[in-house]
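Q: Just need the structure, nothing else, for what follows:
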Amino acid sequence: EDPTKAVFFNSPCSLGMSDPSPTKTKDLEAREDIALLFHQLTQGCGVTHCETEHCASNPAFEKLDANAAAAKALALYRTAKLAQLCVHLNAHRRQFLAALNEFKSADKSQELLKVIGQLFSNQESLNQLFPRQTSGCSVPVDVEAVRDFYRTIKGKETLVNAVLMAAQGLSQQLVSYIPLHSAEYKAADVLPMFVVMLENPMFGDMDSYEGPFPAVLAAVARLPPEAREVLSTWYSHYSQPQFEELLRTLQQFITIRLSLVDGEPRRDRQAMDGVRAVGLLYSANELATARGAALTNYKNFENDGVNDCIDIVHDVIAWKRGEVCCCQYPYVLSVVSKSQVFSVESTILRRMETRNSMQQFLLMPMAQPYLVLTVNRNSVVRDAITQLGSMYQSRPEDFKKQLKVRFIGEEGVDEGGVRKEFFQLVIRDLFDPDYGMFTYSEETRLFWFNRNTFETPTEFLLLGIVLGLALYNDVILDLHFPLVIYKKLLGEEVSLDDLGEVEPQVANSLKQLLQYDQNDVEDVFGLIFAVTTEVFGEMKTMELCPGGQDRPVTAQNKQEFVRLLLHHELVAAVDQQFDGFRRGFLSVVSGTQAFKLFRSHELVKLICGTQDLDFSGLEKNALYDGGYNADHPIIKWFWEVVHTFSEEEKKKLLFFSTGSDRVPVGGLSKMRFIIAKQGADSDRLPTAHTCFNVLLIPEYPSKEKLERLLRQAITHAEGFGML
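A: Numbers count the residues shown, from 1 in each chain. Predicted structure coming up:
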């Protein structure tokens with residue numbers, strides 16, 4: 001029998017647990033140290049990919065049986081004593097592992113219960129319980145070990161409650177402690193405990209919503225920005241399943257919490273603490289996305305509970321005052337909520353400008369409370385450019401006023417419908433190929449800046465102003481721009497996919513270059529760091545870098561070539577045109593905080609609407625006036641006819657009724673649409689108040705007559721007259 005067995009199995013102390021006697025003999029201390037080494041050689045420290053030479057958790061370590069491990073432990077102790085002890089086996093961790101192993105092997109929970117009470121309620125010990133080697137991994141917490149622990153105690157009510165109570169007690173202390181000692185929490189070594197606590201699967205149970213989970217979220221919410229950045233960096237290295245599971249837990253808490261309270265989300269501290277915790281994951285996903293490995297779709301951060309309960313007007317007012325509100329956390333807001341925020345803020349700003357102008361009018365009778373454009377239908381672009389250019393130079397603040405348009409020789413009063421048609425006409429003319437500002441791709445059906453245009457940057461600046469005014473005045477435009485334009489407006493990074501919408505053939509060639517895995521790139525592709533383009537019939541070569549004409553593209557530098565060519569095509573080649581366009585656009589919208597809430601995909605929907613012609617949703621939410629109701633024969637005939645329309649005819653009806661064939665953010669079911677009676681039967685065509693989305697239909701005697709006259713009306717839908 002191996003004599004060293006007695007050293008281990010007769011020891012009253014295991015894995016660093018305290019001896020109950022007041023004093024320890026040297027012999028007892030030696031047996032404890034050897035026991036630690038034996039544990040290290042047989043079970044390891046529990047840290048994945050540990051690099052300690054004599055540790056069973058090291059992948060390179062050769063496994064030993066009990067006898068060999070006992071002899072090895074004794075030999076290590078005699079030669080180097082504890083110099084070979086794994087650094088991860090600190091006192092707290094040894095104590096925890098001993099109790100956990102006893103529970104796993106003998107189903108004895110008393111010691112583990114005691115350890116949980118001691119170690120999980122203390123930030124110093126909790127930070128040391130689940131270490132992980134950080135080489136090749138930026139999360140210094142063994143998340144799988146944490147989850148394994150929680151799985152081990154699942155169903156053991158006493159242990160589960162002990163963990164929850166420890167987390168609640170520790171977090172409540174941190175809530176008051178962190179704000180007074182925020183500098184201490186800028187160091188990464190004090191943050192693992194938050195990862196451990198947030199991984200608790202019991203937080204997905206509503207029973208934890210009464211105390212433990214809100215307490216943990218409150219502590220997280222009080223961390224300084226530096227600590228939040230560290231946690232976001234760690235979470236950016238989570239696996240996708242780990243990440244999405246944690247996100248679902250947080251979103252569920254916020255949604256259920258808001259369903260239990262009466263009031264706005266911004267007024268509930270617990271819900272807002274949850275929203276801030278989601279922000280950690282949103283930032284993490286942005287970091288992962290920048291590395292080309294997004295952890296989840298950004299729409300998964302939107303919270304239905306927040307969007308259903310938010311009072312947009314009150315939230316915007318609180319935002320303008322610098323108070324806590326949902327607008328400060330745009331990642332939980334849907335594009336519909338964001339568009340409403342933008343509309344409310346724009347309305348507030350327009351009214352402020354109108355009030356200021358009214359006050360100035362008392363001192364300066366020439367002051368105008370509105371931004372008024374007077375244009376001729378036959379020269380709408382020239383007239384608009386002349387007036388807007390003058391305002392940009394002398395009174396750019398006028399762009400913040402409400403826009404009103406008057407067509408010379410027409411009696412239409414602009415309550416919204418006239419300016420809708422104005423924008424339609426301006427955009428139609430500016431994007432005419434004969435105007436030369438943009439090129440059109442038959443393949444992608446999108447417009448891009450003409451790099452060889454004769455137009456000056458001023459023309460593009462004024463186009464930007466027009467686009468900004470439409471957005472600021474709640475007018476949807478039928479634009480066909482690639483996504484990259486909206487990315488550039490928001491300062492987002494451009495990608496090879498963006499080039500695919502502008503120059504699809506070039507983008508495909510670059511993808512082939514990147515996918516080519518042989519070393520003979522120079523011979524096969526024959527590329528240099530320069531591009532040749534035609535400029536007014538003459539071929540010109542542009543170097544992508546100094547000496548580019550003499551620098552071949554190779555397997556080693558092809559990534560650099562793609563990056564430089566991408567920048568040239570999407571940035572440098574159209575820099576003057578886009579710069580003027582951007583300055584004009586921002587001169588109108590830069591004063592709005594809400595503009596910064598949007599992502600590029602969302603900005604497209606805000607400016608251009610959608611083409612989701614859900615006329616069933618429109619019918620469901622339509623309103624009726626003048627004697628009509630949902631059961632009136634005219635109304636029944638109308639919807640029967642409309643549902644037989646082609647997509648093109650539906651777009652014409654939408655344009656006729658609202659002044660735009662684009663669907664606003666949120667869909668037709670969210671749009672106010674009214675059908676009103678226009679007298680008794682007659683041969684008059686249906687008409688519309690496009691300012692208010694009101695369709696006027698006489699009381700025709702038959703479905704056939706209604707259909708015939710309605711089709712005639714929507715076919716000729718341009719121009720305004722008094723109704």
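Q: Tell me which helix or strand comes right after the helix or strand hosting Ala73.
A: Ala73 belongs to helix 66-80 when assigned by DSSP states H and E. Heading C-terminal from helix 66-80, the first helix or strand you meet, by DSSP H and E, is helix 91-106.
Q: before we move on, back to that, give the other helices and strands that the helix holding Ala73 contacts.
A: In terms of contacts (3 or more C-beta pairs under 8 Å, 6 or more residues apart in numbering; DSSP states H and E), helix 66-80 is packed against helix 5-9, helix 26-42. All C-beta atoms are positioned from the backbone trio N, CA, C, and that covers glycine.
Q: What are the buried residues along the last one?
A: Applying a neighbour-count criterion of 16 or more other C-beta atoms under 10 Å, one finds 30-42 buried in helix 26-42.
Q: ditto for stretch 586-594
A: By neighbour count on 16+ other C-beta under 10 Å, the buried set for stretch 586-594 is 587-589, 591-592, 594.
Q: now do stretch 228-235
A: So, applying 16+ other C-beta under 10 Å, buried residues of stretch 228-235: 228, 230-235.
Q: residues in contact with it?
A: Under the contact criterion C-beta atoms under 8 Å, 6 or more residues apart in numbering, stretch 228-235 has outside partners 138-141, 188, 191, 194-195, 220, 223, 243, 246, 279-281, 283-284, 287.
Q: and those residues, which of them are in helices?
A: Within the contacts of stretch 228-235, residues falling in helices by DSSP state H are 194-195, 220, 243, 246, 279-281, 283-284, 287.
Q: Let me have those residues in JSON lines, extended by pLDDT.
A: What follows is the ones in helices among the contacts of stretch 228-235, written out as JSON lines (pLDDT from 0 to 100):
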{"residue": "Phe194", "pLDDT": "96"}
{"residue": "Val195", "pLDDT": "96"}
{"residue": "Val220", "pLDDT": "96"}
{"residue": "Phe243", "pLDDT": "95"}
{"residue": "Leu246", "pLDDT": "95"}
{"residue": "Gly279", "pLDDT": "97"}
{"residue": "Leu280", "pLDDT": "97"}
{"residue": "Leu281", "pLDDT": "97"}
{"residue": "Ser283", "pLDDT": "97"}
{"residue": "Ala284", "pLDDT": "97"}
{"residue": "Leu287", "pLDDT": "95"}
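Q: Of those, just say which sits nearest to Thr374.
A: For those, the residue nearest Thr374 by C-beta to C-beta is Gly279; the value is 47.9 Å.
Q: Tell me which residues touch the closest one, please.
A: The contact partners of Gly279, taken as C-beta under 8 Å, 6+ apart, are 228, 329, 331.
Q: ok, the last one - contacts?
A: Read that as Tyr331. Contacts for Tyr331 (C-beta under 8 Å, 6+ apart) come out as 278-279, 282, 298, 301-302.
Q: Looking at pLDDT only, which of the buried residues of stretch 586-594 scores worst?
A: Within the set of the buried residues of stretch 586-594, pLDDT is lowest for Gly591 (80).
Q: In this model Asn67 seems to touch Phe38, though I could be wrong.
A: No: if you go by C-beta atoms under 8 Å, Phe38 and Asn67 don't touch, sitting 10.9 Å apart.
Q: What backbone torsions are found at the nearest residue to Glu522 once chain neighbours are set aside?
A: Distance criterion C-beta to C-beta, 6 or more residues apart in numbering; nearest residue to Glu522, sequence neighbours excluded, is Pro552 at 4.8 Å. According to degrees, to the nearest 10, the main-chain angles of Pro552 amount to phi -80, psi 150.
Q: Thought Ile528 was touching Pro552, still the case?
A: Yes: using C-beta under 8 Å, Pro552 makes contact with Ile528 at a distance of 5.7 Å.
Q: which one of those two has more residues nearby?
A: Here Pro552 and Ile528 are compared on neighbour count by other C-beta atoms under 10 Å; more neighbours surround Ile528, at 19 against 15.
Q: Could you verify my assumption that the more buried one touches Thr554?
A: No: Ile528 lies out of contact with Thr554 (C-beta under 8 Å); the separation is 10.6 Å.
Q: could you dump the helix or strand hosting Glu421 to CSV, C-alpha only?
A: Following DSSP H and E, the helix or strand that holds Glu421 is helix 417-430. The C-alpha coordinates for helix 417-430 follow below in CSV (Å, rounded to 0.1, in the frame of the first residue of the first chain):
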residue,chain,number,x,y,z
GLY,A,417,-50.7,68.8,-49.2
VAL,A,418,-49.1,71.5,-51.4
ARG,A,419,-45.6,71.0,-49.9
LYS,A,420,-46.0,67.3,-50.5
GLU,A,421,-46.4,67.9,-54.2
PHE,A,422,-43.6,70.4,-54.2
PHE,A,423,-41.2,67.9,-52.9
GLN,A,424,-42.4,65.3,-55.4
LEU,A,425,-41.8,67.7,-58.3
VAL,A,426,-38.4,68.8,-57.0
ILE,A,427,-37.1,65.3,-56.5
ARG,A,428,-38.4,64.2,-59.9
ASP,A,429,-36.6,67.0,-61.7
LEU,A,430,-33.3,66.8,-59.7
